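Undergrad: Build me a model:
(chains A and B)
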Amino acid sequence: MKIRGRAITVGDNIDTDQIIPAVYLTSTDPAELAKHCLEGYDEEFPSKIKEGDILVAGENFGCGSSREHAPWAIKGAGIQCIIAKSFARIFFRNAINIGLPIVECPEGLEAEDGDEIEVDFEEGKVRNISKGKECKTQSFPPFLQEIIDAGGLIGYARRRLSG
Amino acid sequence: MTIAERIISSKVGKEVHSDEFVMARVDLVLANDITAPLAIKEFQKMGAKKVFDGSKIVLVPDHYTPCKDVQSAENVRLMREFAREQGVIFYEIGRGGIEHTLLPDEGLVLPGDLVVGADSHTCTYGAISSFATGVGSTDAAFAMAFGEIWLRVPKTMRFIYYGVLQPFVEGKDLILYTIGKIGVDGARYKAMEFCGEVISKLSMADRFTMSNMAIEAGGKTGLIPVDQITIDYLKGRAKREYPIIELGDADEIVEIDCSQIEPQVACPFSPANVKPVKELTHIRIDQVVIGSCTNGRLEDLRRAARILKGKKVHPDVRLIVIPATQRIWEESLKEGLLDIFSSAGAVVSPPTCGPCLGGHMGVLGKGERAVATTNRNFPGRMGHKDSEVYLANPSVAAASAIKGRIAHPEEVI
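TA: Numbers count the residues shown, from 1 in each chain, chains lettered A, B, ... in the order given. Next up, the predicted model:
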């Protein structure tokens, strides 16, 4: 599977307080959380996001708290995939569990806001079409791929419950 | 094998090693008033009807409690109803407190346990050799339904602390120094282990403080082997038998000479932005918070009271003291600590996470600066995005409250 979208970029060590400030955590509604997606990083960020954007981040994306509201806010905002040099571990599992596509790209994809990005999940590559750059992504072990293929842990659990 | 490998292997039912992905049995599942409502929603979406074992699930309303607004009250109502319907353990306010202080104090977590909590600071229980780690709400929902969690067995990064501690150097300073040394992702995906002659002499309170902040270095948990101090702490609390977890192998070893470490402060906006307190005594402050799952234990409050006894909080500063649990609140009252705080001009809050995450009970306004014994100082963490948090130990926090600026405890004692 391949997806394409417009790049929207952030730096290193973006913590979950910046992704969704604690004041909004009384809500569990992705659409409501999306209105404040990355507001702690940049107040204008929610208005910059367009449906189908691809978030390009640096090291340790999603560090800090375990709040699943963070990947939900990103998913709710219509971001279709996150590319990062690395993810903090709880954010990593939360994204997999809720079916938010993420790819880890240790060498880092050079990108500016607005660049056209392609993610090729099968081939394990991400491309910046606008800049003519390409880099490899880490593949998921079969165990995680099974959860991803089920659309997340909920789908995986449903399959298990229906036996 | 490492401690992490041994504990996880015992929950998988076969020997497993680092980097393997496994489905492991859990001994305890935890969620709070921020993460439980989402977990309950996901539990229902899975089509699950009944939790795997109500006696192994704990719901603790602590972040926005006593409920700060209607929405938070609705969230706790949902938790209460779910707890009643499913027969899981629920700690009402006035009988509970901050989850990570409460659970080990109540004897619910023991050495050798595998604990998952929908809160990143679940790693705190590593201090009693429990493989305890923070997960998301969907993970918690899955664990509530099946009693299992998917894990990648982590590699182990061991920290050996040696030397003699300087006055006023506490567990908080050791962990801040460590995070400063390795960075906020220095232990990413790894189990941290704390040991050595310094740790062997450290109180349980200090050990919990250290393990609590393993996540601030990206760690999955912060393990400390069981010794006499652990056994003494668990006496009268443990209601089950538990294994004596001893040191095993490690993938990586870091040695830290503690003799040179002074009290440390983590400056905005990263727990790794650490400096000795003496370099920061020019920084004026508006608020001090003493509490949280990191430093809200009785020993922490005693340290703060020792500094504050007979003194006054600086006129330009608000001091907020938050005993972590109801029991600690009661003990503080009996020991006269609350009187010392109140006489000094502090406000004593009921147990809550409150201001630590900018929730309530002492949120910062624009441009305001706080010294806090909490665990994070990210942008906007305690309130306005242009406010600042400096992380320190309770003695430094108390001294700073008196001076109206960041201060070394020696300046006031």
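Undergrad: For chain A, which segments count as strands?
TA: Listed in chain order, the strands of chain A (DSSP state E) span A:2-9, A:54-57, A:81-84, A:102-104, A:116-120, A:125-128, A:133-136.
Undergrad: how about these in JSON lines, adding mean neighbour count?
TA: In this view, the C-beta of every residue, glycine as well, is placed from N, C-alpha and C. Listed next are the strands of chain A as JSON lines, based on neighbours: other Cβ atoms under 10 Å in any protein chain shown:
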{"stretch": "strand A:2-9", "mean neighbour count": "17"}
{"stretch": "strand A:54-57", "mean neighbour count": "26"}
{"stretch": "strand A:81-84", "mean neighbour count": "24"}
{"stretch": "strand A:102-104", "mean neighbour count": "21"}
{"stretch": "strand A:116-120", "mean neighbour count": "19"}
{"stretch": "strand A:125-128", "mean neighbour count": "20"}
{"stretch": "strand A:133-136", "mean neighbour count": "15"}
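Undergrad: TSV for those, including distance to B:Glu42 and mean pLDDT?
TA: Converted to TSV, the strands of chain A look like this (distance: least, Cβ to Cβ, whole Å; pLDDT from 0 to 100):
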stretch	distance to B:Glu42	mean pLDDT
strand A:2-9	25	98
strand A:54-57	23	98
strand A:81-84	21	98
strand A:102-104	19	97
strand A:116-120	26	98
strand A:125-128	30	98
strand A:133-136	33	96
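Undergrad: ok, so what distance separates A:Glu107 from A:Pro141?
TA: Using Cβ to Cβ, to the nearest Å, we find A:Glu107 at a distance of 20 Å from A:Pro141.
Undergrad: Correction: the previous question concerned B:Met204.
TA: 37 Å.
Undergrad: what's across from the residue nearest in space to the middle of chain A in the sheet?
TA: Central residue of chain A (Cα atoms, centre = their mean): A:Ile82, 3.2 Å from the mean position. Counting by DSSP bridges, A:Ile82 forms beta bridges with A:Leu55, A:Ile102.
Undergrad: can you pull the contacts of it?
TA: A:54-57, A:61, A:74, A:95, A:100-103 (Cβ atoms under 8 Å, 6 or more residues apart in numbering or on different chains).
Undergrad: Please enumerate the helices of the chain.
TA: Defaulting to chain A. Remark: helices assigned in chain A by DSSP state H are A:16-19, A:30-34, A:45-48, A:69-76, A:89-98, A:142-149, A:153-161.
Undergrad: Actually, chain B is the one I wanted.
TA: B:3-12, B:36-45, B:70-86, B:99-105, B:137-146, B:171-182, B:197-201, B:204-212, B:228-234, B:292-295, B:298-308, B:326-334, B:337-344, B:394-403.
Undergrad: and A:Glu32, how many neighbours?
TA: 15 (other Cβ atoms under 10 Å in any protein chain shown).
Undergrad: And the pLDDT at it?
TA: pLDDT, A:Glu32: 97.
Undergrad: quick one on the thing from earlier: for the strands of chain A, give me a markdown table that also has distance to B:Ala39.
TA: Output for the strands of chain A, formatted as a markdown table (distance: least, Cβ to Cβ, whole Å):
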| stretch | distance to B:Ala39 |
| --- | --- |
| strand A:2-9 | 29 |
| strand A:54-57 | 25 |
| strand A:81-84 | 23 |
| strand A:102-104 | 21 |
| strand A:116-120 | 30 |
| strand A:125-128 | 32 |
| strand A:133-136 | 35 |
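Undergrad: Show residues contacting stretch B:175-183.
TA: B:159, B:186, B:209-210, B:212-214, B:216-217, B:254, B:256, B:261, B:264-266, B:271-274, B:391.
Undergrad: go on, stretch A:33-48?
TA: Taking Cβ under 8 Å, 6+ apart as the rule, stretch A:33-48 contacts A:8, A:10, A:14, A:17-21, A:24, A:27, A:49, A:69, A:72-79, A:113, B:378-380, B:385.
Undergrad: Among those residues, name the buried ones.
TA: Listed as buried from the contacts of stretch A:33-48 are A:8, A:10, A:14, A:17-21, A:24, A:27, A:49, A:69, A:72-77, A:79, B:378-380, B:385; burial here means 16 or more other Cβ atoms under 10 Å in any protein chain shown.
Undergrad: Spit out the contact partners of the closest residue to B:Arg84 other than its chain neighbours.
TA: Of all residues not flanking B:Arg84 in the chain, B:Phe90 sits nearest, at 7.7 Å (Cβ to Cβ, 6 or more residues apart in numbering or on different chains). By Cβ under 8 Å, 6+ apart, the contact list for B:Phe90 reads B:58-60, B:79-80, B:83-84.
Undergrad: The same query, at a cut-off of 10 Å, please.
TA: B:36, B:57-61, B:76, B:79-84, B:96 (Cβ atoms under 10 Å, 6 or more residues apart in numbering or on different chains).
Undergrad: Buried among these? Need that as a selection in ChimeraX.
TA: To isolate the buried ones among the contacts of B:Phe90 in ChimeraX, judged by 16+ other Cβ under 10 Å, type:
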select /B:36,57,58,59,60,61,76,79,82,83,96
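Undergrad: and the contacts of B:Phe90, which two are the farthest apart?
TA: Using Cβ to Cβ, the pair of the contacts of B:Phe90 lying farthest apart is B:Glu81 and B:Gly96, separated by 17.1 Å.
Undergrad: okay, now the domains of chain B?
TA: Following automatic domain parsing, chain B resolves into domains at B:3-256, B:264-411.
Undergrad: Can I get those domains in JSON lines including mean pLDDT and distance to A:Gly132?
TA: Shown next, in JSON lines, are the domains of chain B (pLDDT from 0 to 100; distance: least, Cβ to Cβ, whole Å):
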{"stretch": "domain B:3-256", "mean pLDDT": "98", "distance to A:Gly132": "30"}
{"stretch": "domain B:264-411", "mean pLDDT": "98", "distance to A:Gly132": "35"}
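Undergrad: Please produce TSV containing these, extended by distance to A:Arg160.
TA: Below are the domains of chain B laid out as TSV (distance: least, Cβ to Cβ, whole Å):
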stretch	distance to A:Arg160
domain B:3-256	7
domain B:264-411	33
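Undergrad: Looking at these, which is nearest to A:Asp120?
TA: That would be domain B:3-256 among the domains of chain B, by Cβ to Cβ, at 23.6 Å.
Undergrad: Any idea how far the closest one is from the middle of the chain?
TA: Put simply, domain B:3-256 sits 9 Å off its chain's centre (Cα atoms, centre = their mean, to the nearest Å).
Undergrad: Of A:Glu107 and A:Pro141, which one has the most company?
TA: Neighbours were counted for A:Glu107 and for A:Pro141 using other Cβ under 10 Å; A:Pro141 has more, 12 against 9.
Undergrad: Help me confirm that the more buried one comes into contact with B:Val153.
TA: No - the pair A:Pro141 / B:Val153 is not scored as a contact, 12.0 Å apart, by Cβ atoms under 10 Å.
Undergrad: joint contacts of these two?
TA: Common contacts of A:Pro141 and B:Val153 (Cβ under 10 Å, 6+ apart): B:19-21.
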